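Colleague: Sequence first, then the predicted structure:
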Amino acid sequence: MHILFLTPQLPYPPRQGTSIRNYHLLAHLAQHHTIDLLTFLAPGDELLPESPLYRHCRRIGTVPQPLRSTATRLINLATSLLPDMALRLEAPAMHQLMQSWLADTAYEIVQIEGIELAQYAHHADLSQSDPSQSAVIFDDHNCEYLLQQRNALTDLRNPRRWHAAGYSLIQWAKLRRYEANVCRAADAVVAVSQPDRAALQRIAPQATIHLAPNGIDLATYTSKQNNSESTNRRKGHFTLLFTGKMDYRPNIDAVLWFAERVLPQIVAALPEVRFQIVGMNPHARLDPLRHHPNIEITGSVTDVTPYLHAADLYVIPMRVGGGTRFKALEAMAASKAIVSTSLGVEGIGVETEREMLLADSPADFAAAILRLVADQRAGAALSQRLGQAAHDFVAAHYTWEKIVPIFERLYANLQEVHNANKPRLLPTIESGTHHHQRGIQP
């Protein structure tokens, strides 16, 4: 098939959840299909001539990510019925490029990677090529309305965060309408976890929603295993690791909660502990942690795997979020002993005491960590058992070789049942005003 992929950021290098998913889908699907890629370039990103994307894609079109001022966002917040995410990547140049490509290529599949790009899907209906050849797939990396709901309810507990809670309450309402419209309009919707799928089905019961979780490349995380005891224990410290994009609100909340509510209990029993936060774009809210003697914030790193292999324990103290978290899959693939909240591994299917330890209160989280510390000092029997079970679990359920065939079957089914007269109701935004294809309301 000829497949047109739209991604919100350059899929390579795959340094965070969105780009990891997009890159591996492209690389695997390109083995059997012709892939064209339209993507935005974030500030500082560059599509280099030696990029492996050129091996996987017949052609690649790029547009710089548009810049929106805080003032513009506030005006949109107050005056637009559309959610912030629907306006974030609105760019006339991308509309023109997509229209041009659809005019000269009959794509069987147009795959939209994330809600930020949903407005571009209407071109699949309006192109000069035969629209019967294109089926629109909306790959929803997160159930966004659910994420904003959780953000709001979490921030409402803290008066200092009520402004953020107010923003999320507004986005929650807007996204509930918008995400439902997008799901109803697409020929097929893909969710990355069963809880996300159920949440999308509640707001769009007539939509066809498939489950295709995030995957992991096991070889990346198992090829350089080492003994953390030989690297950390000899240096006189015990390392707890958290990884993730550190301007992402759920990650910020997670490390702040851990640093303020959990870490003091661990330091009291283990003064030499080190909490290592590894990830790009650390938010200013994390600046107070930089002065903490037991905390290290690395910022962006070229490769997260050395940090995974060197850490004694991996922690996932998430209180907000959705989808299938790559951080959990990465740590499991690296055979790490893990302590997580229940929400941190929601939808993955793990069980406490089997693949990791789960704890949701600060006291229970600290106790689980100290239990594994004592275990590692006594020979690491429990830590090794949990790490091996975690590795075996992702090997059985979450490799790309198991995920990509879900898309292959979906493509084949869509080609069989696609109805040329099915109206698509995806929203479109033009010239700063809000029009909606075929009368759909925002």
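Modeller: The structure has been received and is ready for your questions.
Colleague: So for the helix or strand where residue 413 lies, mean pLDDT?
Modeller: Applying DSSP states H and E as the criterion places residue 413 in helix 400-417. What helix 400-417 shows for mean pLDDT is 92.
Colleague: Next: stretch 313-328.
Modeller: Here the average pLDDT along stretch 313-328 is 88.
Colleague: for the top helix by length along the chain, packing partners?
Modeller: As assigned by DSSP state H, the longest helix anywhere in the chain is helix 162-185. Packing partners of helix 162-185 (3 or more Cβ pairs under 8 Å, 6 or more residues apart in numbering; DSSP states H and E): helix 84-87, strand 135-140, helix 144-155, helix 194-203, strand 427-430. Bear in mind the C-beta positions are built from the backbone N, C-alpha and C, glycine included.
Colleague: Ranking these by mean neighbour count, which comes first?
Modeller: strand 135-140 (a mean of 26; mean count of other Cβ atoms under 10 Å).
Colleague: orientation of it relative to helix 400-417 in degrees?
Modeller: Counting by axes from the mean of the first three to the mean of the last three Cα atoms, to 10 degrees, strand 135-140 lies at 140 degrees to helix 400-417.
Colleague: neighbouring strands for strand 135-140, and are they parallel or not?
Modeller: In the sheet, strand 135-140 lines up against strand 109-113 (parallel), strand 188-191 (parallel) (DSSP bridges).
Colleague: mind putting these in a markdown table, distance to residue 138 included?
Modeller: Output for the strands paired with strand 135-140, formatted as a markdown table (distance: least, Cβ to Cβ, whole Å):
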| stretch | distance to residue 138 |
| --- | --- |
| strand 109-113 | 5 |
| strand 188-191 | 5 |
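Colleague: Single out the most deeply packed of those strands.
Modeller: On a mean-neighbour basis (criterion: mean count of other Cβ under 10 Å), the most buried of the strands paired with strand 135-140 is strand 109-113, at a mean of 27.
Colleague: Now do it: distance to the chain's middle.
Modeller: Strand 109-113 sits 17 Å away from the centroid of its parent chain (Cα atoms, centre = their mean, to the nearest Å).
Colleague: could you give the angle of it to helix 162-185?
Modeller: 170 degrees.
Colleague: hmm, back to that, can you tell which of the helices and strands packed on helix 162-185 is closest to residue 394?
Modeller: Among these, helix 194-203 comes nearest to residue 394, with 16.4 Å by Cβ to Cβ.
Colleague: For that closest one, give me every contacting residue.
Modeller: 140, 142-143, 145-146, 176, 179-180, 183, 189, 191, 207, 209, 211, 322-323, 346-347 (Cβ atoms under 8 Å, 6 or more residues apart in numbering).
Colleague: pLDDT (mean, whole number) over that helix?
Modeller: The average of the pLDDT scores along helix 194-203 is 95.
Colleague: Name every strand pairing with the longest strand anywhere in the chain and say which way it goes.
Modeller: When the chain is parsed with DSSP state E, its longest strand is strand 34-41. Take DSSP bridges as the rule and strand 34-41 pairs in its sheet with strand 2-7 (parallel), strand 59-64 (parallel).
Colleague: Buried deepest among those, which one?
Modeller: Using mean count of other Cβ under 10 Å, the stretch among the strands paired with strand 34-41 with the largest mean neighbour count is strand 2-7, at a mean of 23.
Colleague: Residues contacting that one, please?
Modeller: Here strand 2-7 makes contact (Cβ under 8 Å, 6+ apart) with 18-19, 22, 25-26, 29, 33-40, 57, 98, 101-102, 105-114, 117, 120, 134, 411.
Colleague: phi, psi of the residue lying farthest from the centre of the chain?
Modeller: No residue in the chain sits farther from the centre than residue 378, which is 36.8 Å out by Cα atoms, centre = their mean. Residue 378 has phi and psi values of phi -100, psi 10 when expressed as degrees, to the nearest 10.
Colleague: For the longest strand of the chain, buried residues please.
Modeller: By 16 or more other Cβ atoms under 10 Å, the buried positions in strand 34-41 come out as 34, 35, 36, 37, 38, 39, 40.
Colleague: what's the distance between that strand and the middle of its chain?
Modeller: 18 Å.
Colleague: how about it as PDB, C-alpha atoms only?
Modeller: Output of strand 34-41 as PDB, limited to C-alpha atoms (Å, rounded to 0.1, in the frame of the first residue of the first chain):
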ATOM      1  CA  THR A  34       5.500   2.600   0.500                       C
ATOM      2  CA  ILE A  35       5.700   5.300   3.200                       C
ATOM      3  CA  ASP A  36       5.600   9.100   2.600                       C
ATOM      4  CA  LEU A  37       6.100  11.200   5.700                       C
ATOM      5  CA  LEU A  38       4.900  14.700   6.500                       C
ATOM      6  CA  THR A  39       6.300  16.000   9.800                       C
ATOM      7  CA  PHE A  40       6.900  19.200  11.800                       C
ATOM      8  CA  LEU A  41      10.400  20.200  12.800                       C
END
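Colleague: What's the mean pLDDT across the helix or strand following it?
Modeller: Note on strand 34-41: by DSSP H and E, the next helix or strand toward the C-terminus is helix 53-56. In this model, helix 53-56 carries a mean pLDDT of 97.
Colleague: so what's the residue nearest to residue 318 when sequence neighbours are not counted up against?
Modeller: The shortest distance from residue 318 to any non-neighbouring residue, by Cβ to Cβ, 6 or more residues apart in numbering, is to residue 344 (3.9 Å). Residues counted as contacts of residue 344 (Cβ under 8 Å, 6+ apart) are 254, 316, 317, 318, 321, 325, 328.
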